[in-house]
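J.: Turn this into a model:
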Amino acid sequence: MDDATWDRADDIAAGEALTVGHLLTVLLDRYASGVVDVPVPEADVRAGGRSGHLAAIGDAAWARADERREREGIQSMSVLCELLLRETVAERVSAGLHAAPREPRRNEPPEEAAGAVTPSVLHSAA
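T.: Here you go, the predicted structure:
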């Protein structure tokens, strides 16, 4: 992946209290759903100034996006991820998250019911 694109995407994600992996999961999900499109490159996009970057990405979003990527002829998932991050860095695509109150769970510890942070499913908007 292009290092400059990764670094800028990391800054964007951090500004939203996310990791690039979270950002990519949302983008891949929206791409798989047809909400987000990327330009399909005519040639190999790999060039200098590139490194491997690790990101934890949701399996379901990855698998669904991979199916669409193959149909569209994008050479690899790493290229698709880079294209999605390029669109984000260029401000042509954004990933927004919404917070909503939840109902307390049965047998929930009182500190959680009183509003302590609890991991929850994140819903995104493209």
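J.: Not counting residues beside it along the chain, what's closest to residue 36?
T.: Leaving aside its sequence neighbours, residue 36 sits nearest to residue 30 (CB to CB, 6 or more residues apart in numbering; 4.2 Å). In this view, the C-beta of every residue, glycine as well, is placed from N, C-alpha and C.
J.: does that neighbour really touch residue 95, like I thought?
T.: Yes - between residue 30 and residue 95 a contact is recorded at 7.3 Å, counting by CB atoms under 8 Å.
J.: measure residue 76 to residue 11 for me?
T.: Here the distance between residue 76 and residue 11 works out to 25 Å (CB to CB, to the nearest Å).
J.: between these two, who's got more neighbours?
T.: Comparing residue 76 with residue 11 by other CB atoms under 10 Å, the one with more neighbours is residue 76, at 14 against 11.
J.: which residues does the closest residue to the more buried one other than its chain neighbours contact?
T.: Distances taken as CB to CB, 6+ apart place residue 69 nearest to residue 76, at 7.9 Å, with adjacent residues excluded. Applying CB atoms under 8 Å, 6 or more residues apart in numbering, we find residue 69 in contact with 76, 77, 80.
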